[in-house]
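>>> Below are the sequence and a predicted model for it; my questions follow.
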Amino acid sequence: MGCLRFLLLLMQKKDSFESLVMEHIRLNGAYWGLTTLDLLHKLDAVDADEVIQWIMSCYHPESGGFGGNVGHDPHVLYTLSAVQVLCLFDRLDVLDVDKVADYVSGLQNEDGSFSGDIWGEVDTRFSYIVICTLALLHHLHKINVQKAVDYIVSCKNLDGGFGAMPGGESHAGQIFCCVGALAITGSLHHIDRDLLGWWLCERQCKEGGLNGRPEKLADVCYSWWVLSSLIMIDRVHWIDKDKLAKFILNCQDKENGGISDRPDNAVDIYHTYFGVAGLSLMEYPGVKPMDPAYALPLDVVNRIFLRKRD
Amino acid sequence: MHGRRHRPDKLEDAAAADAKAAKLCGLQTQVLRNHHYRTYTKEALGLSFKLLEMPEAYAAWNYLKVAFQHNLGELSELEAIKSAIDDDLRVNPKSYGAWYHQKWLLIQKLAPVDFKLEFGLLDRLLKVDARNFHGWNYRRFLAKFMGVPEEEELKYTMDKISDNFSNYSAWHNLSILLSILLIQQSKGFESKQKIFSEEFELVTQALFTDPTDQSGWFYHLWLLAQTSSPDNPQLIASWPSNGAKLSLSSARETNDEQNTPSSFSSICCYSLKEGILPIVLFFNEPVKGLTPSSVSLTSDLVVGKNIDIPNTDDIVSRSGSSYNCPVHFMFTFEPNNIDSATEDTDLIHDPISWDCSESLLSHVNPSCIHFNQLKITNALVQEESKWHLERLSDEMDLFRELPDDNRKFAKLTLARLLLACSAIKSRGSSLLERMGYCEEALGLFNDLIYLDPSHESTVYYYLTELFLATCNMETFMKDCSVQVLPNLTPLSHVQLCRLSLTRIGYVERLLWVQMLDLSHNNLRSIEGVAAACMLERQQQSDHTALKPLTEIISLKVLDLSFNEIGTHSINTTRYICPSPFSHKVEACEAFEECQKKNINAEQFWDAILFFKHVNLVQLGVEGNAIASMENFRTLVVTLNPSIKWLDGAC
């Protein structure tokens, strides 16, 4: 696949405009790139030790959080990506697990919501991020799970979807976060699956791509947000998978590899990852299956939760 | 990252882009250095403003916050920052960092809020992009922060809708505000009926003006749901059911085996741990307040039991509405104290074979009990339901009048209206009228399946609606041959084969199935079955109270042959059922037991969890990929040692 060529090149090109635009979210980029490699069975193309060393250089030992790049302030967004990448390599042992768990769990507020960092921005994205991080580290007990769940449920809208905060409009990205968080905490019974399922399957546009909310343009990244949500609530058979797959493949840059948000646009690592992840959820041949809630390959998640722990 | 065209191939443009990159890179390094060394001069601040050009450069926003606190929030600085945010939002109206900084400044409460400025900024931005959810979120925050009453925000929202009906964000805000006003019972919002009638008028107007825009249809769906669902919790099923006759025996303490009944026909035999008979009441939504005073249990004969639920305020739903439908039902049981500890598996002497067109156990001469009659509600059609029906009828008339130029949403909405009416009627007793609605809806669903080929995604949705809609109809029943033995606990035998089922609904009516035929469907996982039969009810409330129930596992005979179990690598019920991934189940001894026998726990974790909970006598899995997977049969036999027939063989 052209994707591989694109990814490996991108990881080397550090001075381009694209690279810079991602400078402060490099750790997210690492997660997107490395997970894509793993999905394409090529994780061994990178030097694990080198990557892990770089990741740990983004770590702030005083707080227990990770920044987006070396020298950047800690935030839960990058902390989750760090933990996820370490899961890919099965190297959670390099972490001071308690410290990291304390950092993220300490960001829970009185009402059950979560802030992204010490500055206090609240968003259901952060609820998902903290819950996912703690679950992967087997430290979910560090937060008040019931309150966290109650807060997320308070963000449920009348169309069955979820917003960034109570009263916020339903958006596929936020829906993924809320459904994911409820899935991980065994709380999916709070969702009206038929109602949400219908809202989600209506995201499919004429060309087969998915949009994020009504009357918006299709974008490859929603192949993940919408599809994984549908899988978690067992309504994915309401989507036309063949058409979606065609749309994703159409967004490839046939010369240089990689996937863009829409056909004929510029490719980037973010959309390449989401396109491949979407194909994975549709069991596309050659792509490893992914877990829809933890956003990691299935074998990685099974290993984490089914292996006997000491 | 979004919406960028392919990079220009021209060398000059590429060079310019790279030069810009280098400049921003240098700028970022400087700002980070200032941040690290706590430099907050005017110059340093200026640099950070420049860096804001880069979307989501959160370091710059953090730096500005620290600087602000350090400089103790000088007013001139405040103005400079606000102006910088303003500029930034013009260029990046979707910048999380900018919006939050704006909010953060307000929360610091260092200066009185300039109402005009704040709402002015918002107004401007929403005029440019009425769907900017950051803007709407900020508006809701601002309104709350400044104590703006919901009624005023309602007016603003209505104006936005009048400007342009095609504004999902505004309709959404409308639904939020109305819900708040109705709950608060604010002046003018005391009557739900009055408000919803007005809303129906508004949205119908929008729909007739521009039927192609989706916003109105979604809003209409919400209004429909409000109008058709009962306000109060409903009791929809129970175990034992009304008129049930049970044969019960007590298990001996020393062994876990169940005892045999005296005859094959009283197959519905349950063993009780410690002689306790649980009573299950299944409501349509979670309720609390079920106590000995709200649910009374009396005996009139030695073995006859009456259950009474009078009109009571004790039983309340999550939304605060109380149960208001008095109900009475009764069941009888025969105690069965057989001493010898023979296995219950002996009560099935021969393998059960299924025939989709014949009734099961015909020698027992069953008369059919309608799937319907297993429902318990004999609720009186309340006054409110009358309003619901009138409202829905008016809507149906309007939609029937729409020119039939084959519009998907119009047909779908009309079909839903019909089903909603049917559902309301089902709480009363006019079966004939209901069938009329269902038949009309069926016709519309058939149209929709052909109408929407370019959007095939919803074909399955329509099929599901179709199946659920017709589940009550006799004609459909004949096709799917759901037969039930009378005078025994209901649904001891159910056949749901050859229905292209991907999942199982109406769970509350499958509460105590002992024999289940799900062959020749499209089920993808064993957990799906588990969810339907047992574990789903465990999920409805919180575990401990229902624990004794899960110990009475009824399912003895299961046919899953010719489905798709094991074919798919993506499991869609992984999070709906209790699993180690959803933190509802520990990877347990069953896993270890299997691993000792070289059974791959990572491959079969869902099968392990299912078989651990049942004690099957007969299982059919042929025609599924899983049947031929290594060690699957070993797994079944290990976890269900009393199994007698696996795909016909012993």
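Received, thanks.
>>> For residue 208, give me its contacts.
All of this refers to chain A. Applying CB atoms under 8 Å, 6 or more residues apart in numbering or on different chains to residue A:208 gives the contacts A:218, A:240, A:242-247. Placement of C-beta: from N, CA and C, glycine included.
>>> that's the other chain; I wanted chain B
Residues in contact with residue B:208 (CB under 8 Å, 6+ apart) are residue B:402.
>>> Quick check: the gap between it and residue B:223.
Residue B:208 is 15 Å from residue B:223, where distance means CB to CB, to the nearest Å.
>>> picking up where we left off before, among the contacts of residue A:208, which are located in strands?
Among those, no member falls in strands (DSSP state E).
>>> And the helix or strand harbouring residue B:607, what does it pack against?
Element membership for residue B:607, per DSSP states H and E: helix B:601-613. Judged by 3 or more CB pairs under 8 Å, 6 or more residues apart in numbering or on different chains; DSSP states H and E, the packing partners of helix B:601-613 are helix A:298-306, helix B:526-530, helix B:589-596, helix B:632-639.
>>> Kindly provide the distance from residue B:280 to residue B:496.
According to CB to CB, residue B:280 stands 21 Å off from residue B:496.
>>> Oops, could you answer that again for residue A:296 instead?
Using CB to CB, one gets 36 Å for the distance from residue A:296 to residue B:496.
>>> re the thing from before, narrow the contacts of residue A:208 to those that are buried.
A:218, A:240, A:243-245, A:247 (16 or more other CB atoms under 10 Å in any protein chain shown).
>>> Look over the residues you listed and name the one with the lowest pLDDT score.
Lowest pLDDT of the buried ones among the contacts of residue A:208: residue A:240, 88.
>>> Might one say that it is in contact with residue A:206?
No: between residue A:240 and residue A:206 there is no contact under CB atoms under 8 Å: 10.8 Å.
>>> hmm, back to that, show me the two of the contacts of residue A:208 that sit farthest apart.
Within the contacts of residue A:208, A:218 and A:242 form the most distant pair, 15.3 Å apart (CB to CB).
>>> that older thread, out of residue A:296 and residue B:496, which sits in the busier spot?
For residue A:296 versus residue B:496, the count of surrounding residues by other CB atoms under 10 Å in any protein chain shown is larger for residue A:296: 23 against 19.
>>> For the more buried one, list the residues it contacts.
A:35, A:84, A:87-88, A:290.
>>> quick one: which of the residues you listed is most hemmed in?
Greatest neighbour count in the contacts of residue A:296, by other CB under 10 Å, goes to residue A:290: 29 neighbours.
>>> Show me the beta-bridge partners of that one.
When bridges are assigned using DSSP bridges, the partners listed for residue A:290 are residue A:297.
>>> ranges for the helices of the stretch 1-150 of chain A?
A:2-12, A:17-21, A:26-39, A:48-56, A:76-88, A:97-105, A:124-136, A:145-153 (DSSP state H, counting those that start in this stretch).
>>> Give me every residue in the stretch 51-200 of chain A lying close to chain B.
Residues of the stretch 51-200 of chain A lying close to chain B (CB under 8 Å from any CB of the partner chain) are A:68, A:71-73, A:75, A:117, A:119-121, A:123, A:135, A:140, A:157-159, A:163-165, A:167-171, A:183-186, A:188-189, A:194-195, A:197-199.
>>> Buried subset of these, written for PyMOL?
This is how PyMOL selects the buried members of these, with burial counted by 16+ other CB under 10 Å:
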select buried, chain A and resi 68+71+72+73+75+117+119+121+123+135+140+157+158+159+163+164+165+167+168+169+170+171+183+184+185+186+188+194+195+197+198+199
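>>> Where is the longest strand in chain B?
Per DSSP E, chain B has its longest strand at strand B:327-335.
>>> Report the buried residues of that one.
Buried positions in strand B:327-335, judged by neighbour count with 16+ other CB under 10 Å: B:327, B:329-331, B:333.
>>> next one: stretch B:577-593
B:577-585, B:587, B:590-591, B:593.
>>> and that stretch with chain A, contact?
Yes: judged by CB under 8 Å from any CB, stretch B:577-593 and chain A are in contact via B:578, B:580-584, B:587, B:591-592.
>>> do the same with stretch B:85-93
No: applying CB under 8 Å from any CB, one finds stretch B:85-93 out of contact with chain A, separated by at least 12.4 Å.
>>> Could you pull up the residues touching the residue nearest to residue A:281 when sequence neighbours are not counted?
Closest residue to residue A:281 apart from its sequence neighbours, by CB to CB, 6 or more residues apart in numbering or on different chains: residue A:227 at 4.8 Å. Taking CB under 8 Å, 6+ apart, we find residue A:227 in contact with A:210, A:236, A:239, A:244, A:278, A:281-282, A:292.
>>> let's see it at 7 Å
Residue A:227 sits next to A:236, A:239, A:278, A:281 when contact means CB atoms under 7 Å, 6 or more residues apart in numbering or on different chains.
>>> Those residues in helices, which ones?
Among the contacts of residue A:227, the members falling in helices (DSSP state H) are A:278, A:281.
>>> What about the contacts of residue A:227, which one has the most neighbours?
With neighbours taken as other CB under 10 Å, the top of the contacts of residue A:227 is residue A:278, carrying 29 neighbours.
>>> Looks like that residue contacts residue A:223 (just checking).
Yes: counting by CB atoms under 7 Å, residue A:223 is a contact partner of residue A:278 at 2.9 Å.
>>> Identify the contacts common to those two.
Common contacts of residue A:278 and residue A:223, defined by CB under 7 Å, 6+ apart, comprise A:244, A:248.
>>> re the thing from before, if we check chain B, which of the buried ones among the contacts of residue A:208 are in contact?
Subset of those in contact with chain B: residue A:240, counting by CB under 7 Å from any CB of the partner chain.
>>> Kindly indicate which of the buried ones among the contacts of residue A:208 lies nearest residue B:39.
residue A:218 (45.6 Å).
>>> re earlier: may I ask which two of the contacts of residue A:296 are separated the most?
For the contacts of residue A:296, the maximum inter-member distance is 12.6 Å, found between A:87 and A:290 (CB to CB).
>>> Make sure residue B:576 is actually in contact with residue A:188.
Yes: contact criterion CB under 7 Å: residue B:576 and residue A:188 qualify, at 5.6 Å.
>>> Can you report phi and psi for residue B:296?
Main-chain torsions, residue B:296, degrees, to the nearest 10: phi -110, psi 140.
>>> Show me what it bridges to in the sheet.
For residue B:296, the beta-bridge partners are residue B:308 (DSSP bridges).
>>> Need the per-residue pLDDT for it.
77.
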